[in-house]
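Peer 1: Starting from these lines, generate the structure:
(one chain, ligands or ions: 1)
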Amino acid sequence: MRTWPSPEIPVLPGQGGRIRVHDSTTGTLVEAAPGRDAGMYVCGITPYDATHIGHAATYLAFDLLLRAWRDAGKSVTYVSNVTDVDDPLLERAADTGVDWRALALEQTALFREDMTALGVVPPDVWDGAVESIPRVVAAVEQMLADGTAYRVPLRDPGSGGARRDLGDVYADLSADRLFGTVSRLDRAQMLALFAERGGDPDAPGKRDPLDPVLWRRERVGEPTWDGASLGTGRPGWHIECAVIARDALGVSFDVQGGGTDLLFPHHEMSASHVRSLTAAGPDGAAGCAHAHVHAGMVALDGHKMSKSRGNLELVSRLRSTGVDPMAVRLAILAHHYRQDWEWTADDLAAGEARLARWRDAVSGNGGPDASATLGEIRAAVADDLDAPRALRAVDAWCDAVGDRDGTWDLGAPGVVARAVDALLGIRF
Ligand code: ZN
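Peer 2: Numbers count the residues shown, from 1 in each chain. Reported below is the predicted structural model:
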């Protein structure tokens, strides 16, 4: 898909060092990309109700990581997707009487505008679910041939079109000995989350309630595509991300990212699918990502911000009321990415006040030497993307500008402005 324009990232004096992030699998801090190159896959939006503050917070977190990697001199490949056909999108379109294609296009365009306004670096590869269907079909055909997937006969009246004999296709999780190693949940937890988060544990004919759908055959009233030997239908969500990630990054890459609600089942299933599509050795191939990194959930009015509940604050709505997107960015970065938090009017007011204060400080003639501030911003981001700590370092430099004592450096405001732009994505 066409992405959005990439912001110019200033080059800073010196170079950032090793960056550590929290890996949800082990619960420990790990080096985000030990090699010279860095590869990251962050799960994209399903295009409706884009872009609420929770979405924005997730993409800003991984934007910090990408910027830090670049500052450390790494060659970064960032990959994401748009799930432009899936049950929630179709349900929303049906509820509102809007054509699902029009809804997806409109919301994807809005997402692009919001990401541009927030200064988020776009992915190098940004694939849509629909455009990826031929590759997904080939992958599911391979899994059927390998015996890691199976067909389930159709029961819904009118389903399957001319080839009703070809059923839905599900992954056979019993073929993957490493299933469960990403989230490390027990079976009861898995079953509960699978039911809660879009799974179909009670669908008749499955070998195991947890087996996820790979290819859903044509249903009355649903969009459908040519699935070659699978028959007409549409792709499952987990296989979509697995195929897009594998094709752009290979079977092994550095960071798989998303919100905490994606750890299970989505990231567990995607990793399993990648393993199933990989020629595994006797002990099976390793999981596809070196680290699974998850951003916390953002609440509004006491509940997690969600489409189903309707308690959303949208970046586009804030922009339409004249709010500076950089104030929104600062409001979000004031919370550590792993924290669950609640969006309030105070957050925005604090972001606006901080932006005004920073603007004022960097527009003056000189300031205290900024090398320690640059070092502290780098150290904060490298320590599990600790944006609140980075913001405090800039605040402290601004305080010192106000105090006007000590040695004065005419170049310091420029260094701070470039550091804040390059590492935190705040443009003045
Ligand atoms: Zn995904």
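Peer 1: The stretch 1-150 of the chain: strands as residue ranges?
Peer 2: Ranges of strands in the stretch 1-150 of the chain, per DSSP state E, counting those that start in this stretch, are 20-23, 28-31, 37-42, 75-82, 125-128, 149-152.
Peer 1: Highest mean neighbour count out of these?
Peer 2: Using mean count of other Cβ atoms under 10 Å, the stretch among the strands of the stretch 1-150 of the chain with the largest mean neighbour count is strand 37-42, at a mean of 24. Heads up, the C-betas are built off the backbone N, CA and C, glycines and all.
Peer 1: Would you mind naming what in this protein lies close to the ion?
Peer 2: Residues of the chain that fall close to the ion, judged by Cβ under 5 Å from the ion: Cys43, Cys241.
Peer 1: Confidence-wise, which helix or strand of the chain is lowest on average?
Peer 2: In the chain, no helix or strand scores lower on mean pLDDT, DSSP states H and E than strand 303-304, which sits at a mean of 79.
Peer 1: As CSV, the strands of the stretch 1-150 of the chain with mean pLDDT would be great.
Peer 2: Below are these laid out as CSV (pLDDT from 0 to 100):
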stretch, mean pLDDT
strand 20-23, 98
strand 28-31, 97
strand 37-42, 98
strand 75-82, 98
strand 125-128, 98
strand 149-152, 98
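Peer 1: mind listing what the least confident helix or strand of the chain pairs with, with the direction of each?
Peer 2: Paired strands of strand 303-304, with direction, are strand 298-300 (antiparallel) (DSSP bridges).
Peer 1: Show me what the partner strand is in contact with.
Peer 2: With contact meaning Cβ atoms under 8 Å, 6 or more residues apart in numbering, strand 298-300 is reached by 52-54, 57, 304-305, 311-313, 340-343.
Peer 1: now, among those residues, which is nearest to the ion?
Peer 2: If you rank the contacts of strand 298-300 by distance to the ion using Cβ to the ion, Gly54 comes first, at 15.6 Å.
Peer 1: And the helices in this protein?
Peer 2: In the chain, the helices defined using DSSP state H lie at 53-71, 87-96, 100-117, 133-146, 187-196, 237-249, 268-276, 315-320, 325-333, 345-362, 371-382, 387-403, 412-424.
Peer 1: Contacts for the least confident helix or strand of the chain, please.
Peer 2: Gly54, Met297, Val298, Arg309, Asn311, Asp340.
Peer 1: Next, format the contacts of strand 298-300 as JSON lines and append neighbour count.
Peer 2: Formatted as JSON lines, the contacts of strand 298-300 follow (neighbours: other Cβ atoms under 10 Å):
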{"residue": "His52", "neighbour count": "23"}
{"residue": "Ile53", "neighbour count": "25"}
{"residue": "Gly54", "neighbour count": "24"}
{"residue": "Ala57", "neighbour count": "23"}
{"residue": "Lys304", "neighbour count": "18"}
{"residue": "Met305", "neighbour count": "23"}
{"residue": "Asn311", "neighbour count": "16"}
{"residue": "Leu312", "neighbour count": "19"}
{"residue": "Glu313", "neighbour count": "20"}
{"residue": "Asp340", "neighbour count": "13"}
{"residue": "Trp341", "neighbour count": "17"}
{"residue": "Glu342", "neighbour count": "16"}
{"residue": "Trp343", "neighbour count": "23"}
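Peer 1: Can you lay out these as a markdown table showing distance to Leu391?
Peer 2: Output for the contacts of strand 298-300, formatted as a markdown table (distance: Cβ to Cβ, whole Å):
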| residue | distance to Leu391 |
| --- | --- |
| His52 | 22 |
| Ile53 | 17 |
| Gly54 | 20 |
| Ala57 | 14 |
| Lys304 | 24 |
| Met305 | 22 |
| Asn311 | 26 |
| Leu312 | 25 |
| Glu313 | 21 |
| Asp340 | 19 |
| Trp341 | 14 |
| Glu342 | 19 |
| Trp343 | 17 |
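Peer 1: Among those, show me the least confident.
Peer 2: pLDDT across those is lowest for Met305, at 73.
Peer 1: So that residue sits against Asn311, correct?
Peer 2: Yes - using Cβ atoms under 8 Å, Met305 makes contact with Asn311 at a distance of 6.0 Å.
Peer 1: Report pLDDT for the nearest residue to Leu154 once chain neighbours are set aside.
Peer 2: Counting by Cβ to Cβ, 6 or more residues apart in numbering, Leu154 lies nearest to Gly160, which is 4.7 Å off, once chain neighbours are set aside. In this model, Gly160 is scored at 96, pLDDT.
Peer 1: Where does the prediction get shaky in the stretch 251-400 of the chain?
Peer 2: Where the stretch 251-400 of the chain drops to pLDDT under 70, the residues are 279-287, 306-308.
Peer 1: can you do 50?
Peer 2: For the stretch 251-400 of the chain, residues meeting the criterion pLDDT under 50 lie at 281-285.
Peer 1: separation between Arg155 and Phe179?
Peer 2: Here Arg155 is placed at a distance of 27 Å from Phe179 (Cβ to Cβ, to the nearest Å).
Peer 1: Kindly report the same for Ser316.
Peer 2: Using Cβ to Cβ, Ser316 is found at 39 Å from Phe179.
Peer 1: quick one, which of the two is more surrounded?
Peer 2: Each of Ser316 and Phe179 has its neighbours counted (other Cβ atoms under 10 Å); Phe179 has more, 21 against 15.
Peer 1: Redo the strands of the stretch 1-150 of the chain as CSV? Include distance to Ala353.
Peer 2: Below are those laid out as CSV (distance: least, Cβ to Cβ, whole Å):
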stretch, distance to Ala353
strand 20-23, 30
strand 28-31, 32
strand 37-42, 30
strand 75-82, 32
strand 125-128, 34
strand 149-152, 55
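Peer 1: Compare the ones you listed and give me the one nearest Leu385.
Peer 2: Closest to Leu385 of the strands of the stretch 1-150 of the chain, according to Cβ to Cβ: strand 20-23, at 6.5 Å.
Peer 1: Which other helices and strands does the closest one contact?
Peer 2: With contacts taken as 3 or more Cβ pairs under 8 Å, 6 or more residues apart in numbering; DSSP states H and E, strand 20-23 sits against strand 28-31, strand 289-295.
Peer 1: and those strands as CSV, adding distance to Ser6?
Peer 2: Written out in CSV, the entries for those read as follows (distance: least, Cβ to Cβ, whole Å):
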stretch, distance to Ser6
strand 28-31, 26
strand 289-295, 22
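Peer 1: how about the ones you listed, which one is nearest Val140?
Peer 2: Checking the helices and strands packed on strand 20-23 against Val140 by Cβ to Cβ gives strand 289-295 as the closest, at 21.4 Å.
Peer 1: List the contacts of Val120.
Peer 2: So Val120 contacts Trp4, Pro7, Tyr59, Leu60, Asp63, Gly425 (Cβ under 8 Å, 6+ apart).
Peer 1: Sounds good, over and out.
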